[in-house]
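# Turn this into a structure:
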Amino acid sequence: MPLVQTLRDDMTAAWRAGDVDRRNTLRLLIAALDYARIAAGHDLTDPEAIAALQREARQRRDSIEQYRAGGRDDLVAHEQSELDLITSYLPADLTDEELADLVRAAIAEAGATGPSDLGKVMGPLMKRVAGRAEGGRVNALVREMLASPA
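I've put the predicted structure just below:
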């Protein structure tokens, strides 16, 4: 079943169960996916829907950081509950070992020898890890491996 339909079914179930917080969060996610569908000009594929959910998760993480800095623990808890729900629909993140293996393989395939080859490695690598690792995390590991001698 497509991810978009799963979200719609889960929202209906939350509505019937009287779970207002879950229902409202799922409504927001469905709206975000609808905006992404309109922007794409076609029905979203699961990878496109996952990318949209990842944007929503990133927004929640940024909000949590800002609310913590402002001492708004009540808003931190609300955003964290939304983030937990969003991540339940995302694929599991790669472990550090799995990511390191993929980075090593991408470096070898690209024939990268130093930090100047970052672009050669990142493009193909991000296609492989799509939805399973944040770009910043991948970029930091690639930079680290390219900077250190093998």
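
# And for A108, the neighbour number?
By other CB atoms under 10 Å, the residues close to A108 number 11. C-betas here are computed from N, CA, C, even on glycine.

# Likewise for L94?
With other CB under 10 Å as criterion, L94 counts 18.

# And for G70?
10.

# Now do the same contact list for it.
Not one residue lies near G70 by CB atoms under 8 Å, 6 or more residues apart in numbering.

# wait, what's in contact with the most centrally placed residue in the chain?
Nearest to the mean C-alpha position of the chain, counting by CA atoms, centre = their mean, stands Q54 at 3.0 Å. Each residue near Q54 by CB under 8 Å, 6+ apart is listed here: 90, 131.

# what kind of secondary structure is it in?
helix (DSSP: H, G, I helix; E, B strand; the rest coil).

# how close does it sit to T12?
24 Å (CB to CB, to the nearest Å).

# Repeat that for A105.
Per CB to CB, A105 is found 42 Å from T12.

# next one: K127
In terms of CB to CB, K127 sits 34 Å off from T12.

# the more surrounded of these two?
Taking other CB under 10 Å, K127 and T12 do not tie; T12 has more neighbours (12 against 9).

# Can you name the helix or strand that K120 falls in?
helix 118-129 (DSSP states H and E).

# Now do the buried residues in the next helix or strand after that helix.
Following helix 118-129 in sequence order, the next helix or strand is helix 135-147 (DSSP H and E). Residues of helix 135-147 classed as buried: 138, 141-142, 145-146 (neighbour count, 16 or more other CB atoms under 10 Å).

# Tabulate these (a markdown table), appending distance to R61 and pLDDT.
What follows is these, written out as a markdown table (distance: CB to CB, whole Å; pLDDT from 0 to 100):
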| residue | distance to R61 | pLDDT |
| --- | --- | --- |
| V138 | 16 | 85 |
| L141 | 19 | 86 |
| V142 | 21 | 85 |
| M145 | 25 | 83 |
| L146 | 26 | 79 |
